[in-house]
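sequence first, then the predicted structure:
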Amino acid sequence: METYLILKTVHIIGAILFLGNIIITGWWKFMANRTGNPVIIGFAQRQVTLTDFVFTAGGSAILFVAGIANILLYDISITTNWIMWGLGLFTLSGIIWGVILIPIQIKQAREAKQFTADTVISELYWKRELQWYIYGITATILPVISVLFMVMKPS
């Protein structure tokens with residue numbers, strides 16, 4: 001099989017892992033929060049933090065390495081419109097994730113370790129939760145748009 005197609009397949013698998021996890025993460029947090037049960041909310045929060053390190057970071061690394069490898073191997077200009085926009089949006093999402101979302105998640109996960117059935121979850125936790133949703137939705141929409149650029153390849 002041609003190297004380009006192998007790398008493209010690996011690139012797509014990375015995109016599936018990355019996007020799949022960031023999309024489903026919001027759903028699981030939302031559903032856990034709806035229960036109002038601090039034990040379930042705490043468990044979900046800790047798992048969100050763990051799966052972000054495993055699947056989001058892992059998927060994004062696979063996605064990035066395979067994409068850059070194809071650019072370099074096949075001498076494709078990084079200034080090609082669809083690559084520049086796709087990579088730019090992906091990078092912006094990564095910055096939001098690394099600078100804002102992960103620190104929020106770590107703080108929430110630390111607090112969530114203490115949750116018991118009788119815990120009254122702090123206002124600060126819920127304030128961070130709202131911030132996480134706002135920035136998380138943004139950090140999710142950006143790579144979805146990136147996929148559109150990568151698939152449609154506008155000039």
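Received, thanks.

what secondary structure does the residue in the chain sticking out farthest from the centre sit in?
Ranked by distance from the centre of the chain (CA atoms, centre = their mean), the top residue is D118, with 31.6 Å. Three-state call for D118 (DSSP: H, G, I helix; E, B strand; the rest coil): coil.

OK, contacts around it?
Contact partners of D118, counting by CB atoms under 8 Å, 6 or more residues apart in numbering, are P38. For every residue, glycine as well, the C-beta is placed using N, CA and C.

distance of it relative to V39?
Look at D118 and V39: by CB to CB, to the nearest Å, they are 10 Å apart.

what's the answer for V54, then?
In this structure, V54 and V39 are 23 Å apart, going by CB to CB.

the more surrounded of these two?
V39 (15 against 11; other CB atoms under 10 Å).

pLDDT score for the more buried one?
At V39, the model reports a pLDDT of 98.

I'd say it and A112 touch.
No - V39 lies out of contact with A112 (CB atoms under 8 Å); the separation is 9.5 Å.

right, and the helix or strand after the longest helix seen in the chain?
If you go by DSSP state H, the chain has its longest helix at helix 3-35. Next helix or strand after helix 3-35 toward the C-terminus (DSSP states H and E): helix 38-51.

hey, C-alpha coordinates of that following helix in PDB?
Provided in PDB are the C-alpha atoms of helix 38-51 (Å, rounded to 0.1, in the frame of the first residue of the first chain):
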ATOM      1  CA  PRO A  38     -22.000  14.000  43.700                       C
ATOM      2  CA  VAL A  39     -20.600  10.500  43.600                       C
ATOM      3  CA  ILE A  40     -21.600  10.100  39.900                       C
ATOM      4  CA  ILE A  41     -20.500  13.700  39.100                       C
ATOM      5  CA  GLY A  42     -17.100  13.100  40.800                       C
ATOM      6  CA  PHE A  43     -16.600   9.800  39.000                       C
ATOM      7  CA  ALA A  44     -17.400  11.300  35.600                       C
ATOM      8  CA  GLN A  45     -15.100  14.300  36.200                       C
ATOM      9  CA  ARG A  46     -12.200  12.100  37.100                       C
ATOM     10  CA  GLN A  47     -12.800   9.900  34.000                       C
ATOM     11  CA  VAL A  48     -13.100  13.000  31.700                       C
ATOM     12  CA  THR A  49      -9.700  14.200  32.900                       C
ATOM     13  CA  LEU A  50      -8.200  10.700  32.400                       C
ATOM     14  CA  THR A  51      -9.700  10.100  29.000                       C
END
